[in-house]
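S.K.: Sharing a model that was predicted from the sequence below.
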Amino acid sequence: MYKKEEENNTNFMEWLHEKVLQWIYKNRFTMKHFIFMASTIALMFCICTPSFSQSAKYKKELAKLEHKYNDILLNLHASDKSEKDYLKANKSMLKLAENGYNPAMRFLGTYFYNKKDFEQYENWYVKAAENGDSIAQFELGNNYYNGTGLSKDYSKAVYWFEKAAEQGYALAQYNLGICYEKGLGVEKNYLKATSWYEKAAKQRYAFAQYNLGVCYEKGLGVEPDYEKGVFWYEKAAEQGDTLAQYNLGLCYYNGLGVKLDYSKAAYWFTKAAEQGNALAQYNLGVCYEQGVGIEQDNEKAVLWYEKAAEQGDAFAQYNLGVCYEKGVGIEQDNEKAVLWYEKAAEQGDTLAQYNLGLCYYNGLGVKLDYSKAAYWFTKAAEQGNALAQYNLGLCYYNGLGVKLDYSKATFWLKKAAEQGDTDAQHFLNELNSKK
């Protein structure tokens, strides 16, 4: 018990030193007319800590630190407050760093990073990291991972993430999980990825909770378990993670790992949609259009389709096109329908490709153009759309937009008929009866 208390005290003082140093650096140019004693500065960060006012040990520690921090402050005031002279004046900080004090080493490293002296930044951060500082280990890993200030090196990123992760640093545990999942700097290993996600997730790190939910849903590194997937999605969703909110909505919508509940699905889609998640916005639009889990409202459906469509969601773009074409929830407008069909069609949406083909075929919202109609029918037909296959067959049969070709006409009509398209079946029967 005593050992645990000592460990907590050490962690507290480490945290306290860090906050004081951060405060000094942030306010180094604004302390022109007054100097705060270190104990006063520290009190700003600790006043809400219940044990602080009761602990003589902390007060004694602060008294010991007072000279260190006052030296720093006095040296700062001895300088002309310029960035050029700042580090020169800060001899006390340099002395702390040279004596192996981790927060001071990170402080200097950050200073050099901001000055774009990345060699010195790496020098001080590596010293702190090798001295066991989990924050420095994580930051080094992050910069190696992203190539910010340092050359991108996934192997080094993994090395430092692992060092910090083993000390319980949640963000490092999560990032290490990412590396194992994607095989970056280390051999791909879903089992290890899941293990690290779980460690971070249990520390309430929302991104890790979401990723862990995905692992359970898809069976990555663990046996598929929809209930556990829902459990972790919910944990992350409650913290505002938009992807988790969306996935949780899908689980309720489809009854995966939880009892089917359209009302809860709409609730979570709304949460994610309000944060700008395009997939959630589209699904919420569907809920409003169909009156599923929420009161039917075509105008709100269009509103959410539009938000998702503007973010490039092809399904929403297609649905918005349908709304404009049919005048559902918005004033009928064939030209805008074509606009949205085209955006979705260019992304490969087969329904949009077919509808766009019809617009060109019939001259709806666009100048009649059989060639473009046949083009879009072909795009959709090649993806297996039976209606497009039937219409493409007719184009070849009648030589509309394409060169007349009975062989190709029969080919596409058979494709449609095999999928149960009755019009194609009847047309083929008539052709056979004429032979």
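M.R.: Perfect, thanks for sending it.

S.K.: what are the ranges of the helices in the stretch 301-435 of the chain?
M.R.: Ranges of helices in the stretch 301-435 of the chain, per DSSP state H, counting those that start in this stretch, are 314-326, 334-345, 350-362, 370-381, 386-398, 406-418, 422-434.

S.K.: Turn the ones you listed into JSON lines, including mean pLDDT.
M.R.: Shown next, in JSON lines, are these (pLDDT from 0 to 100):
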{"stretch": "helix 314-326", "mean pLDDT": "99"}
{"stretch": "helix 334-345", "mean pLDDT": "99"}
{"stretch": "helix 350-362", "mean pLDDT": "99"}
{"stretch": "helix 370-381", "mean pLDDT": "99"}
{"stretch": "helix 386-398", "mean pLDDT": "98"}
{"stretch": "helix 406-418", "mean pLDDT": "97"}
{"stretch": "helix 422-434", "mean pLDDT": "89"}
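
S.K.: Let me know which of these is the nearest to Lys156.
M.R.: Among those, helix 314-326 comes nearest to Lys156, with 39.4 Å by C-beta to C-beta. For every residue, glycine as well, the C-beta is placed using N, CA and C.

S.K.: tilt between the closest one and helix 350-362?
M.R.: Between helix 314-326 and helix 350-362, the angle comes out at 30 degrees (axes from the mean of the first three to the mean of the last three C-alpha atoms, to 10 degrees).

S.K.: Give the buried residues for helix 314-326.
M.R.: 314-325 (16 or more other C-beta atoms under 10 Å).

S.K.: Please apply the same query to stretch 130-145.
M.R.: 133-145.

S.K.: Show only the entries of those residues found in strands.
M.R.: Here DSSP state E is the test, and the buried residues of stretch 130-145 give no hits in strands at all.

S.K.: got a markdown table for those residues, with pLDDT and distance to Asn283 too?
M.R.: What follows is those, written out as a markdown table (pLDDT from 0 to 100; distance: C-beta to C-beta, whole Å):
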| residue | pLDDT | distance to Asn283 |
| --- | --- | --- |
| Asp133 | 97 | 44 |
| Ser134 | 97 | 40 |
| Ile135 | 96 | 39 |
| Ala136 | 97 | 43 |
| Gln137 | 98 | 40 |
| Phe138 | 98 | 36 |
| Glu139 | 97 | 38 |
| Leu140 | 98 | 40 |
| Gly141 | 98 | 36 |
| Asn142 | 97 | 33 |
| Asn143 | 97 | 37 |
| Tyr144 | 98 | 38 |
| Tyr145 | 98 | 33 |
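
S.K.: Show me the two of these that sit farthest apart.
M.R.: Maximum distance among the buried residues of stretch 130-145 (C-beta to C-beta): 17.8 Å, for Asp133 and Tyr145.

S.K.: that older thread, let's have the helices of the stretch 301-435 of the chain in CSV, adding distance to Gln275.
M.R.: Output for the helices of the stretch 301-435 of the chain, formatted as CSV (distance: least, C-beta to C-beta, whole Å):
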stretch, distance to Gln275
helix 314-326, 16
helix 334-345, 23
helix 350-362, 26
helix 370-381, 33
helix 386-398, 36
helix 406-418, 42
helix 422-434, 45
